[in-house]
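>>> could you work out the structure for the sequence below:
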Amino acid sequence: MLRFALVFLLSLALPLVAQQGRGTVIGTVTDVSGAAVPAAEIRVINTGTNAAFTATTNEEGQFTAPSLPVGSYTVTAEKQGFKKGVRSGITLLVDQRAEVNIRMEVGQTSESIEVVGEASLVDTSSATVGKVVENRRIADLPLNGRNALALVMLTPGVKSQAGPTNSGFVDRGTALSAISINGGPSSMNSFIVDGGNNNSAFLADINVNPTVDAVQEFKVQSNVMSAEFGFTAGGVVNIVTKSGTNDPHGSLYYFARNDAFDARNAFAATKSPFRYHQYGGTIGGPVVLPKIYNGKDKTFFFFNYEGWQNRRFASNILSVPIEEQRNGNFSNLRDASGKLIQLYDPSTTKQNPNGSGFVRDPLPNNIIPTNRLDPVSLKMMQFYPLPNRTPTNAYTFANNWIGQVQEERHMNQWTAKGDHRFNDKNTLSGRWAYYKHFNNNGFAGSLPDPNVRQRLDNYLNYNGVISDTHSFTPTMLNEFRISAARQAFPFTAYSYGQGWPAKLGLPSSVPGDTLPRVDNGLPGFGAFTVGLRGSTTWQFVDSLTKIAGSHTMKFGVDFRLQQANNYQREVPSGQFNFSAGLTQNPQTPVGTGSSFATFLLGSVSSASLIRYGGESEKAYSTSFFFQDDWKMSRKFTVNLGLRYDYQQWPRERNNGTSNFDPFAVNSLTGLPGRIEYANIDYGKTFTDPIYTNFGPRVGFAYDVFGTGKTVLRGGYAIFYPQTFYRDSFGNTAGFANTSTAYNPPNNNTNLAAFQFKDGFPTPAIEPLGPKLGPSAFLGQGVSWDQGGQKVPMSQQWTLSLQQQLPGKWMVDAAYTANKGTNYYASSFDYNQLDPQYNALGLSLQDQVPNPYVGKVTGSLGGSTIARSQSLKPYPYYTAVTVRLPHLGGSNYHALLATAERRLDNGFAILASYTFGKVISDSEVVPSNFGAVEVGADNGYQNGKYNRKAERSLDPTDVSQRLVLSGIYELPFGKGKRFASNNGFTDRIMGGWQLNVISTLQGGLPLAVRGANNFLANRPNSTGVSAKLDNRTSDKWFDTTAFINPPNFTYGNVSRTLPDVRGPGIVNFDLSMIKDTRIAERVRLQFRAEAFNFVNHRNLGNPNVSFSPGTNGLNISSTFGIITSARDPRIMQFGMKLMF
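Below is the predicted model of the structure:
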C-alpha cells in the first residue's frame, strides 16, 4: 500500500494547489430574457494581485472558476453581439462556492454594464454546515488572549469544555482540544492552514495557531463536506493566512494587561499580581528589488512576528529547619503540644535481648555528633533558606518561611508567506510558521536555586506548506501540495546538566544529570523530570479538477507519514528516602524520631534508580477521494463524493512494545494469559489492519424559487477521524523503564539500606524487553491492546433552509445529527469479577489456598489469596486493563439557527443559537502527553459486563447556547452621517467603534461519584430527584437524594444525572476602538477591551464526591457546594499603527 501510494503521488506530481483554503466562483450568464448565453468568455480577476482566471460558459450558460485564493474579485463576461458584463465588489471566502450571475444586454463589446455587489448570501451549491469568520471580525471583536480561533465559538453547533482563563487561550491551541463541533468528540477535529494539515500527531490539538494579525479568515464546517475533507468526527477548521498584494501594507501593535484593572474573583481573598505583554508587527506587499526586480502583479510576500510575555506572582509559605537543627542540635525538637521528641541512633540498632523486635540507643541530648553528620547532607543544607517569619507553632516552627514565586511564560511566533505567479496558468505559493513557547513552571517551587521543583518547558512547533497551481485548460486544473507539521517539546529540570551529584560529593554510581531527589520530611525536592516529546506529520496531496458541462469533478490522493517520539526520565539521578523510623525507638515509636535527623545522619531507609528506554512510533495513511458537484439545473445542485481512508496502526520503530494475550497459554500457570512481544510473537503491531473505511458524501442544494434567495439543503456523509495520536505510544511494559529498588538487608525497615555519601551500592537494571519472557508481570497488573478493533466512525446528516432578506440579512435554520460508533471508550479491567459472584457478599474477602504460589510474585505470591481474586478470569494477574477500547458511541441531534447581517453602513451582527443533546456511553479527552485519559466519566463502573448502563447524557452536553456578536461604527467623522466634513472634528469624534460578544450557555450535566460498598463507585438514588428549585452555591442540589448501595452491588445512579446540571455561563465581552488617521495611508488605533464586562459571577461546578456515613447518607460537608468561579472582569489595552 505504501509503495503504491508513493508511486501514485509521484506520477501526479504536477504543479498545483488544493481547494482546501481556497474558494470557487460559479455562475450563469443569461440575456435580458433569461435565456442562457453559451460560449461567453469569463475572466475572474483578483483585484489585489491582478491575477486572472479564464473560463467559458457551457450550453446552459454556466461557468466554474475553481481553486481561487480568497480575496476581492471582479468577474467579467464577453461575447460578440453583447455589451460586456461586469460584476465587481465580489468577496470570495474560504471554501465558498460563490454564485455570481451576470445578465448581458445586446450591444457592442466596447460597451459595458457594471453591477457592484457581493455574491449571494445563501449557499446555492452545497449542503455543508458551517460559518466563515471574516477578517473584520477577527481584527475587531474582543479576544481574550488574542487567539483568533477562539472565534470558532461564534458558530452554531460549536461548544467548548474549557473557558478562557485570566491569560486567555495563551497556549495557542491547548484550549482548542476541548472544542466539540456538531456533537463530535472534543479533540477529534481537523485543522487546516493554507490547505495543509495543521493537526499535531502527538497531542490531539492544533500544531501552529496563527496570530490574529496573520489570519485572513477561517471557516468552521461540518456535515456534508467535500470528499477532499476527512480525518474528523466533528468538523473542520479551515484557516487561511494573509498574503501580500500589489498594495504594500503593514502594522505595529502592542497589547497589555495588569491586575490593577481586573476585578477580584468571587472566591479569592485578594487578586494575584499579573502582567501580560503582547507585541508584534506585519508587513506585506509586492517583492520589489530596486533596479533588479519588480514583482508587481507577480511576486508577493507577507511576514508577521509576535511576542508575548506573561508573569504571574504568588507567595509560598513553607517550613524550613532552624539554624541549630542544621548543625545536628535537636535538643529542642518538640511536637505541636510542646512535648520533647527523643531521637535514637540508627547505628546502634540490634536485636532485643529481652524480647522480640529491635532496640537502639537514644542520641545523648538529642545532638548528632559532628563527625556523624553526612557530608552530602550538609552540602544540601545550603539549599534551605533560614526562617524569615514567625512560625504558626512555636514548638514545631511550622510555616516559618515565606518566599515569592514567579511564573514566567514567553512566546515568540513567526509567519512568512510568499506567492509567485508565473503566468495566468501557473502559481507557486509557500508559507512557513514557527512557534516557541517557554514556561518556567515557577509556581512549582519556591526555594532558592537549585533546590526548586521548576521544570523548564519549551514548546517548539513548526508548520510549512508549499503548493503550486497549474491550469492546463479552462476546464482542467491539477493540484499538488506538500506540508509538514512538526512539534517538539523538550523539558528539563532546573538543575539539569550542572553536575550536582559530583558537586555534592556523591560517587559516580549516582548519575550526574540533576539533583538527586530527597525525601527528608522537608519541602522542595521534586521529580526533576527531563525528556523530549515530539512528532512530525508529512502530507502529500495531489488532485485533478475537471469541468465537464454541468459537472465539476475532483479526483485526488492524500498521503500522510506520521512519526512521534517520547523519551522521559523522572528522577534521573535517583531518589533517596530518609524515614523517621530509623531515628525512632523501635519498641515504642510514637513521639520519637525525625526524618530530617535521619537525613543529617545520612542513613538511607530506601532508594530507587530508574533506567529509561525511549519510544518512537510511526505510521502512514493513504486516502483517495472523488467529488462531483453536479449542477443538474439552474435551481438544483447535487454533491456526490466518495473518500477511502486507510490508516496504518502505529508501530514502535525498534519493536519496543508488548501486549497481553488473553488466549495464549502461559507456560508457568498452564492457563490462558501471557505477555507477547512485537516482531517476536506478533508483527510490529498487535492490531489487525482495516481496509474497509469508505466514506460516501451525498448532498443537495435546491434554489426553491430560482431567485438565489431561498435555498433548501441537505445530505449525509461518513467520516473517519485520525487515529495516530490516540493509538500511538502503546503498551511499552518491559521497555519504557525499569526501577531498581535499594532496600535494607532482608527488607528490615529497622536497618539502613546504605549511607548517603556512599551512593548506590549496585548498578541499576536496564529495561530487558523480550528477555523478560511470556510470564513477565505475573502477579501484577497488565495492559491489553485489543486486536481487531475498528476505526472510529462518524455518520452525519443535515437538512437546512436558508433565506436571504433585504438589507444584507440572511437567516438559516438547520437540523443536524452525528452518530458516532467505535469511539474511544474509557479503559476498563477485563479481569473484573463476574457480577454473578457478587451474591457471595463478604465471603469474597475470605482467604483461600493459592494454586499459583511459587509461580507468581507480589501480592498474589502468598500461600493464600482472596476468594474474589481466585474467581476472576485471570486470577494470577491483579488487573488486565483494556487500553483505549473502540467501544464507545454517541448520538447528537440539534437545531441550529443563524441570523446574520453583513457589514453595511458600519453595522454587522451575527446571532447563533444551538438547541441540542448528546447521549453517549463514554467520553475520553487527551492528556498532556498525547495519550488518552478518562474524562468526566471516570465513574465507569460496569466494565465489560453491562456497557448499556453507561449510556447517559454526555458529560460535555450543552442543551442550549446563544452567541451574539456585533460591530458598530459610530456615525461620526469622515464618510459618516455626522461631522463628515470637518477635519478637526473627524479626529476627535470620528473613528469610534464598539464591538461585542455575548454568550449565554446552559450548564453541563453533573456526574456524582463515590460509594463505600466494596464494589461500586456511584451511589444509589433514594428515589427522589436531586434537582432543587431554589439552588444556591452552598447547596446546588439535594444531597439527601443519594445513598450508599448495599454491599457488592452497583450503584444505580447514571453516569451523569439526567435532570441536574451545573451553572451556566452569562458572559459579555466588549471592545472599544478609536481609529485616528495621521496621514493618508497611516492610521493609529487605540483599543480598550473588557472580558466579562459586567463582572457576572459565573460559578464553577459543585463538588460531586459523595461520601457515605454509617447510615448510608452523605457526610461530606462539601458535597453539593460550589467553591470556584470563572474569571471576573478582565481589562486589556492596546495600540496599533497601521499603514
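
>>> and the helices in the chain?
2-11, 135-140, 323-326, 375-380, 500-503, 595-601, 724-727, 867-870, 983-989 (DSSP state H).

>>> those: which one's closest to Arg1097?
helix 135-140 (27.8 Å; Cβ to Cβ). Where C-beta positions appear, they are placed from N, C-alpha and C, glycine not excepted.

>>> circling back: can you lay out the helices of the chain as a markdown table showing mean neighbour count, mean pLDDT and distance to Gln454?
A markdown table is the format used below for the helices of the chain (neighbours: other Cβ atoms under 10 Å; pLDDT from 0 to 100; distance: least, Cβ to Cβ, whole Å):
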| stretch | mean neighbour count | mean pLDDT | distance to Gln454 |
| --- | --- | --- | --- |
| helix 2-11 | 13 | 40 | 44 |
| helix 135-140 | 18 | 96 | 36 |
| helix 323-326 | 15 | 94 | 24 |
| helix 375-380 | 19 | 95 | 17 |
| helix 500-503 | 18 | 94 | 14 |
| helix 595-601 | 25 | 97 | 22 |
| helix 724-727 | 24 | 74 | 28 |
| helix 867-870 | 19 | 94 | 43 |
| helix 983-989 | 14 | 76 | 50 |
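
>>> so which of the ones you listed gets nearest Gln562?
Closest approach to Gln562 among these (Cβ to Cβ): helix 724-727, 4.7 Å.

>>> that closest one: how far from the chain's middle?
13 Å (Cα atoms, centre = their mean, to the nearest Å).

>>> that one - contacts with which helices or strands?
Counting contacts by 3 or more Cβ pairs under 8 Å, 6 or more residues apart in numbering; DSSP states H and E, helix 724-727 packs against strand 551-569, strand 615-631.

>>> closest one to Asn50 among those?
Using Cβ to Cβ, the nearest of these to Asn50 is strand 551-569, at 25.1 Å.

>>> mean neighbour count added to the helices and strands packed on helix 724-727, as CSV?
CSV is the format used below for the helices and strands packed on helix 724-727 (neighbours: other Cβ atoms under 10 Å):
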stretch, mean neighbour count
strand 551-569, 21
strand 615-631, 21
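
>>> that older thread, now the helices of the chain as JSON lines including distance to Leu964?
Below are the helices of the chain laid out as JSON lines (distance: least, Cβ to Cβ, whole Å):
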{"stretch": "helix 2-11", "distance to Leu964": "46"}
{"stretch": "helix 135-140", "distance to Leu964": "13"}
{"stretch": "helix 323-326", "distance to Leu964": "63"}
{"stretch": "helix 375-380", "distance to Leu964": "59"}
{"stretch": "helix 500-503", "distance to Leu964": "57"}
{"stretch": "helix 595-601", "distance to Leu964": "59"}
{"stretch": "helix 724-727", "distance to Leu964": "35"}
{"stretch": "helix 867-870", "distance to Leu964": "57"}
{"stretch": "helix 983-989", "distance to Leu964": "27"}
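
>>> indicate which one of those is closest to Gly973.
helix 983-989 (4.3 Å).

>>> tell me the strands beside the longest strand seen in the chain, with direction?
When the chain is scanned for its longest strand (criterion: DSSP state E), the result is strand 401-423. Using DSSP bridges, strand 401-423 pairs in its sheet with strand 299-318 (antiparallel), strand 426-439 (antiparallel).

>>> can you redo the ones you listed as JSON lines with mean neighbour count and distance to Ser965?
Output for the strands paired with strand 401-423, formatted as JSON lines (neighbours: other Cβ atoms under 10 Å; distance: least, Cβ to Cβ, whole Å):
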{"stretch": "strand 299-318", "mean neighbour count": "18", "distance to Ser965": "24"}
{"stretch": "strand 426-439", "mean neighbour count": "19", "distance to Ser965": "27"}
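
>>> ok, which of the ones you listed comes nearest Gln563?
strand 426-439 (19.0 Å).

>>> okay, and the helix or strand of the chain with the least pLDDT?
strand 932-934 (a mean of 33; mean pLDDT, DSSP states H and E).

>>> how far away is the most far-flung residue of the chain relative to its centre from Asp345?
Largest separation from the mean C-alpha position in the chain: Asn354, at 64.3 Å (Cα atoms, centre = their mean). Distance from Asn354 to Asp345, counting by Cβ to Cβ, to the nearest Å: 19 Å.

>>> Asp519 too?
21 Å.

>>> try Met153
From Met153 to Asp345 the distance is 66 Å (Cβ to Cβ).

>>> neighbour count: these two, which is higher?
A count of neighbours by other Cβ atoms under 10 Å puts Met153 above the other of Met153 and Asp345, at 21 against 18.

>>> which residues does that one contact?
Shown in contact with Met153 (Cβ atoms under 8 Å, 6 or more residues apart in numbering): 159-160, 963, 999.

>>> now Phe1042
By Cβ under 8 Å, 6+ apart, the neighbours of Phe1042 are 1008, 1019-1022, 1026, 1053, 1106, 1113-1114.

>>> compute the number of surrounding residues for Gln1132.
What Gln1132 shows, counting by other Cβ under 10 Å, is a neighbour count of 24.

>>> tell me the confidence at it?
Here the pLDDT value assigned to Gln1132 is 95.

>>> name the nearest residue to it, ignoring sequence neighbours.
Glu1089 (4.4 Å; Cβ to Cβ, 6 or more residues apart in numbering).

>>> could you report the pLDDT at the one you found?
At Glu1089, pLDDT is 97.

>>> ok, it touching Asp1069?
Yes: when contacts are counted by Cβ atoms under 8 Å, Glu1089 is listed as touching Asp1069 (7.3 Å).

>>> got any residues that touch both of these two?
The contact lists of Glu1089 and Asp1069 share Pro142, where a contact means Cβ under 8 Å, 6+ apart.

>>> show me where this protein dips below the pLDDT cut-off.
Along the chain, segments meeting pLDDT under 70 span 1-20, 161-177, 203-204, 445-446, 448-453, 524, 728, 923-943.

>>> nearest to Arg1129, out of the helices and strands packed on helix 724-727?
Among those, if distance is taken as Cβ to Cβ, the winner is strand 551-569, at 40.0 Å.

>>> looking at the helices of the chain, which is nearest to Gln647?
helix 724-727 (7.2 Å).

>>> from the contacts of Met153, which two are the most distant?
Farthest apart among the contacts of Met153 - using Cβ to Cβ - are Ser160 and Val963, which lie 11.4 Å from each other.

>>> related to what we said a few turns ago, the longest strand of the chain: which residues count as buried?
401, 403, 405, 407, 409-411, 413-421 (16 or more other Cβ atoms under 10 Å).

>>> quick one: contacts for the nearest residue to Gly858 once chain neighbours are set aside?
Excluding the flanking residues, the one nearest Gly858 by Cβ to Cβ, 6+ apart is Gly779, at 3.9 Å. By Cβ under 8 Å, 6+ apart, the residues touching Gly779 are 852, 856-861, 876-878.
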